[in-house]
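Asks: quick one, what's the 3D model for this:
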Amino acid sequence: MSKKNKLKNTVDEYFYNLINDVNKDASIAHIGDYKFYPHLSTKNCIYINKHLNFARFRYFSSAYLGWGKNASTIKLAKEAKNRGVPIFLIEDGFIRSIFSWVANVDPSLRSGLSYVVDTKGFYFDSSRQTDLEDLLNNYQLNDSELNESKKLQSFIIDNKLSKYNYQPSCSISHLANSSCKKKVLVIDQSRGDQSISGGGVDDSIFEKMLSDAIRENKNSEILFKIHPDTLETKAAIKISKELLDQVTILSNPINPIALIQQIDVIYVATSQMGFEGLLCGKEVHTYGMPFYAGWGLTIDKMHCNRRLRKLTLDELFYITYIKYTHYINPFTGNEDSLENTLKYLVNLKKQLKIY
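Replies: Okay, the predicted model is just below:
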């Protein structure tokens, strides 16, 4: 193990030991009862700031919010421990907004309409037990919840809704003319994203995925989809030219669901598009350990001993998108349902003429 990885593991151990100590009696069940500190960025979190109760000063708060596994969250966790209050780890939800948080648009269009909180870890970090993983291991759906899950999955696919929703739902013209060929999609991700290392892999995995996809799918159309944040920030694509010359690079924005519906097989590290591939009924190969892997629905390169049961797609969707995730009414700031959030995004897309 390299010195860099040893240091990372040491920091991770310290971070999670601190979180577990601080949150040993905390629960995600009643977060509306807390008064939080600090306020989140007004540029990207106007709805969350409107929804949650925040204290103006830290010592009037009854809980802290930590976004990301970083020095700032560690500092807040130490302060929470000293004060004897919990710290909730917060992240964007899976149906988030119209535009990406890095887009140069009005904050109302790039701020998240959903979020998740966890007392044990980040849902994307497979090295640790999380509240989401506990729910996926234990929660039993009733018939009403199963029906709701099926209905909302269909709504998402029919209306082509994803985490970000600004991309046009266009077809890739040359694919329609190669209907006899299998189409294989390899998903890029934003380099340095914590979900990559949290899934047990690093940035080098994308070259391996692309190489494997080419080798394992002879006489197939291989497509490499660049991540939206890479497009927004104009970051370099760190894949060898030799591999890129053998595939079709998709650099223009395209709605994830519309794209997935045109292909047969998906290769991912930890991208949410792998889960959306499951929603669309596609074969999904995972190279890391995202939240949706290890439950019997994906073809996995890795294994997680803590994931103890086989799940149906209906169960996985309901627990993750409905039970675990919070949604915000953008007009009132109150807690809302996934269904209402989906309908709001559909109407907003129509207003913005995003088709």
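
Asks: show me what the helix or strand hosting F224 is packed against.
Replies: For F224, the host element (DSSP states H and E) is strand 221-225. Packing contacts for strand 221-225, counted by 3 or more CB pairs under 8 Å, 6 or more residues apart in numbering; DSSP states H and E, involve strand 183-187, helix 205-216, strand 248-250. Quick note: C-beta positions are derived from backbone N, CA and C, even for glycine.

Asks: how about a cut-off of 6 Å?
Replies: Packing partners of strand 221-225 (3 or more CB pairs under 6 Å, 6 or more residues apart in numbering; DSSP states H and E): strand 183-187, strand 248-250.

Asks: show me what counts as buried in the last one.
Replies: What that stands for is strand 248-250. Applying a neighbour-count criterion of 16 or more other CB atoms under 10 Å, the buried positions in strand 248-250 are L250.

Asks: average pLDDT for it?
Replies: Strand 248-250 carries an average pLDDT of 93.

Asks: re earlier: which one of the helices and strands packed on strand 221-225 lies closest to G281?
Replies: Taking CB to CB, strand 183-187 is the member of the helices and strands packed on strand 221-225 nearest to G281, at 13.8 Å.

Asks: hang on, the earlier thing: how about the helices and strands packed on strand 221-225 in CSV, adding distance to Y321?
Replies: Listed next are the helices and strands packed on strand 221-225 as CSV, based on distance: least, CB to CB, whole Å:
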stretch, distance to Y321
strand 183-187, 19
strand 248-250, 26
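
Asks: CA atoms only: put the strand holding F224 into PDB for me.
Replies: Written as PDB, here are the backbone C-alpha positions of strand 221-225 (Å, rounded to 0.1, in the frame of the first residue of the first chain):
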ATOM      1  CA  GLU A 221     -20.700  -0.200 -30.500                       C
ATOM      2  CA  ILE A 222     -18.800   1.100 -27.500                       C
ATOM      3  CA  LEU A 223     -19.800   4.600 -26.300                       C
ATOM      4  CA  PHE A 224     -17.900   6.600 -23.700                       C
ATOM      5  CA  LYS A 225     -20.100   9.200 -21.900                       C
END
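
Asks: which residues sit against it?
Replies: The contact list for strand 221-225, computed with CB atoms under 6 Å, 6 or more residues apart in numbering, reads 178, 181, 183-188, 213-214, 247-250.

Asks: hmm, try it at 7 Å
Replies: 175, 178, 181, 183-188, 210, 213-214, 246-250, 259, 263 (CB atoms under 7 Å, 6 or more residues apart in numbering).
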